[in-house]
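Just the structure for this:
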Amino acid sequence: MMKKGIYISALYNSKTGGGIVSDTIKQVLQTHAEINLHVLEFPMFKNQWKKLFYMLTGRLLGSTPAIEKSIIRQIEKNHPDFIFINTSSLGLLEKKIRRNFPGIRVVSLFHNVEFVYTKDAWKTSRKINKLLTLLVTWYNEKLAVRYSSVIITLNKRDSDELALLYGRCADGILPICLQDRFDPSQLKIDQSDRPKKALFVGSNFYANYYGIKWFVEHVAPYVKNVKIIIVGNGFERNKKELEIYDNIEVVGTVESLDEFYYNADFVISPIFEGSGMKTKTAEALMFGKTIFGTKEAFEGYSFDYGKVGCLCNNAEDFICAIDNYNLTKFRFNDYSRNMYLRNYSFNKLHEILTDYIVNH
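Numbering: from 1, shown residues only. Below is the predicted model of the structure:
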């Protein structure tokens, strides 16, 4: 039986991890044979004063009273069986939905435990506006936990943190899954005597910035015959700061990451803080890359670290893993690719969402 649903989300930048995951989930729901989906998306605030004003009313991302009223009207008009809310930062809206439509099933996806994520960001700046964001985030997330019919997190750690913070764990786990972009015809055959190519991918926000800055200072000077390439939205702003050794190249914002993955021998992921799961780990698996990453980079993933690459939690681990890496003919790790296909692919996401939405 066909189920009618409404998907509610802010419009995320499609080049960020959150944007990639959001687009993939929306695509699965839109193309599902047993779901008739109505999409309601709204832009995030760009004006900082407008953002601050609505934050003082308890709202985040881009939500306003006018947007909330419009969403309520669409629910009245469409009579959905379920509502899928693509964040835990719209708790105030969830409260209004459940009070107006107590019988509708509201499924909320927590990309992170946003309070933990925002708290870590606040630690790096200690600015008053960040503290306000932290308080409003806690308020909305608490409401989301209270009013959601079903809570989905990306991993068990986030579920446990929700239980500690708000007294309720997740009802289900939905690991990051991505639409497949891998093209085997693009694999490069190269066994020449050349430097190893290490790729770092990530947008320029606090966890990525401090992670790669640490790597540049504590690992880059000590690895042999390695070219380190840094790609991601906004990193061009830190080009002079990070290119302090000859073996580092900061590319920054690009239209497509695919070519960089094909050309890389391995991916480095020196991430020490955060919540949720790291999209770039799933992306690296998709392209069949060997990954040298921290415990945080691998959080929520289930695979053999030694077969994917190496678990590296300090500088010595990274240096040893990189120095001992042997160049391969196709720059390709079969085990990584198979882990993506088995656990983190579009088909896997379809299977899990069918279970949570269609079969209930």
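
was I right about residue 150 contacting residue 104?
No: with contacts counted by C-beta atoms under 8 Å, residue 150 stays clear of residue 104, the gap being 11.6 Å. Yep, even glycine has a C-beta here, placed from its N, CA and C like the rest.

what's the straight distance from one end of stretch 104-119 to the other?
32 Å (C-alpha to C-alpha, to the nearest Å).

so for that stretch, what's the average pLDDT?
On average, the pLDDT along stretch 104-119 is 90.

Could you pick out the longest helix of the protein?
If you go by DSSP state H, the chain has its longest helix at helix 128-147.

can you pull the buried residues of it?
Neighbour-count burial for helix 128-147 flags 133-134, 136-145, 147 (criterion: 16 or more other C-beta atoms under 10 Å).

Can you add pLDDT and distance to residue 295 and give these back as CSV?
Converted to CSV, the buried residues of helix 128-147 look like this (pLDDT from 0 to 100; distance: C-beta to C-beta, whole Å):
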residue, pLDDT, distance to residue 295
133, 89, 27
134, 91, 25
136, 95, 30
137, 94, 24
138, 95, 26
139, 96, 30
140, 97, 28
141, 96, 24
142, 97, 28
143, 97, 31
144, 97, 27
145, 97, 26
147, 96, 33
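
List just the nearest of those residues to residue 345.
Lowest distance from residue 345 to the buried residues of helix 128-147 (C-beta to C-beta) belongs to residue 144, with 27.9 Å.

Do I have it right that that closest one meets residue 88?
Yes: counting by C-beta under 8 Å, residue 88 is a contact partner of residue 144 at 4.4 Å.

Identify the contacts common to these two.
Counting by C-beta atoms under 8 Å, 6 or more residues apart in numbering, the common neighbours of residue 144 and residue 88 are 108, 110.

what's the neighbour count on residue 293?
By the criterion of other C-beta atoms under 10 Å, residue 293 has 28 neighbours.

Which residue ranges make up each domain of this protein?
Domain assignment for the chain by automatic domain parsing gives 3-179+345-358, 184-343.

chain center to the longest helix of the chain, what's the gap?
Computed by C-alpha atoms, centre = their mean, to the nearest Å, the separation of helix 128-147 from the middle of its chain amounts to 19 Å.

How about stretch 307-315?
20 Å.

Which positions within it qualify as buried?
Buried residues in stretch 307-315, counted by 16+ other C-beta under 10 Å: 308, 309, 310, 311, 312, 315.

Counting neighbours, what do you get for residue 113?
Neighbours of residue 113 using other C-beta under 10 Å come to 25.

residue contacts, it?
If you count contacts by C-beta under 8 Å, 6+ apart, then residue 113 has 88, 141, 153, 158, 161, 162, 165, 275, 276 around it.

For residue 44, which non-adjacent residue is closest in space?
With sequence-adjacent residues excluded and distances taken as C-beta to C-beta, 6 or more residues apart in numbering, residue 44 is closest to residue 62, at 4.3 Å.

correction: residue 179
Closest residue to residue 179 apart from its sequence neighbours, by C-beta to C-beta, 6+ apart: residue 346 at 4.9 Å.

swap in residue 52?
That would be residue 129: by C-beta to C-beta, 6+ apart, it lies 6.7 Å from residue 52.

And for residue 60?
The shortest distance from residue 60 to any non-neighbouring residue, by C-beta to C-beta, 6+ apart, is to residue 89 (4.5 Å).

per-residue pLDDT, that neighbour?
Predicted confidence (pLDDT) at residue 89: the value is 95.

Number of residues surrounding it?
Residue 89 has 25 nearby residues by other C-beta under 10 Å.

Same question for residue 323.
Neighbourhood size, residue 323 [other C-beta under 10 Å]: 13.

I'd assumed residue 196 was in contact with it.
No: using C-beta under 8 Å, residue 323 makes no contact with residue 196, being 9.3 Å away.

which residues of the stretch 151-300 of the chain score low on pLDDT?
Within the stretch 151-300 of the chain, the stretches with pLDDT under 70 are 190-193.

can you confirm residue 327 is in a strand?
No: the assignment for residue 327 (DSSP: H, G, I helix; E, B strand; the rest coil) gives coil, which keeps it out of a strand.

still on that earlier bit, from the buried residues of stretch 307-315, which single one is nearest residue 281?
For the buried residues of stretch 307-315, the minimum distance to residue 281 (C-beta to C-beta) is 9.0 Å, reached by residue 308.

which residues sit in contact with the closest one?
Residues near residue 308 by C-beta under 8 Å, 6+ apart: 285, 290, 291, 333, 335, 336, 339.

And for residue 25?
86, 109, 349, 353.
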